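Visitor: Requesting a structural model of the entry that follows:
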Amino acid sequence: MTDADIDHAEQLYLVGHSLTACTELTGFPASSINRALNKRGTSGRPAGWSRTGAH
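Guide: So this is what the prediction gives:
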C-alpha cells in the first residue's frame with residue numbers, strides 16, 4: 001500500500017467504515033489495512049462497535 005492508499009483507507013475507517021467495508025472499497029485485504037493503520041497509530045474500535053451505536 002502506498003501512503004495515499006493508507007490515507008484513503010484511514011479516512012474511510014475514521015468516518016466509521018468497518019475493516020471489511022474498507023477492504024471492499026479499496027481492494028486491499030483487511031489484514032494489510034489493519035497493519036498499516038496500527039503502524040500509523042490509528043486507534044482500533046472495539047468488537048461490535050457501530051456508527052449508530054447499535055450492537
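Visitor: Check the offset of whichever strand or helix holds residue 11 from the chain's centre.
Guide: Following DSSP states H and E, the helix or strand that holds residue 11 is helix 3-14. Put simply, helix 3-14 sits 7 Å off its chain's centre (CA atoms, centre = their mean, to the nearest Å).
Visitor: what about residue 39, which SS state?
Guide: Under DSSP: H, G, I helix; E, B strand; the rest coil, residue 39 falls in the helix class.
Visitor: count of neighbours near it?
Guide: 9 (other CB atoms under 10 Å). Heads up, the C-betas are built off the backbone N, CA and C, glycines and all.
Visitor: Confirm for me that residue 26 is in contact with residue 5.
Guide: Yes. If you go by CB atoms under 8 Å, residue 26 and residue 5 touch, sitting 6.6 Å apart.
Visitor: chain center to the helix or strand that the helix holding residue 11 is followed by, what's the gap?
Guide: Downstream of helix 3-14, the next assigned helix or strand under DSSP H and E is helix 19-26. In terms of CA atoms, centre = their mean, the centre of helix 19-26 is found 7 Å from the chain centre.
Visitor: List the contacts of helix 19-26.
Guide: Helix 19-26 is contacted by residues 5, 8, 9, 12, 13, 17, 28, 29, 30, 33, 34 when judged by CB atoms under 8 Å, 6 or more residues apart in numbering.
Visitor: Could you measure from residue 32 over to residue 9?
Guide: 9 Å (CB to CB, to the nearest Å).
Visitor: Look at residue 26 and residue 5 and report which has more neighbours.
Guide: Shown here are residue 26 and residue 5; by other CB under 10 Å, residue 26 has more neighbours (18 against 15).
Visitor: If we ignore the residues flanking it in sequence, what's nearest the residue nearest in space to the middle of the chain?
Guide: Of all residues in the chain, the one closest to the mean position by CA atoms, centre = their mean is residue 13, 3.7 Å from it. Distances taken as CB to CB, 6 or more residues apart in numbering put residue 22 closest to residue 13, at 5.6 Å, once the chain neighbours are dropped.
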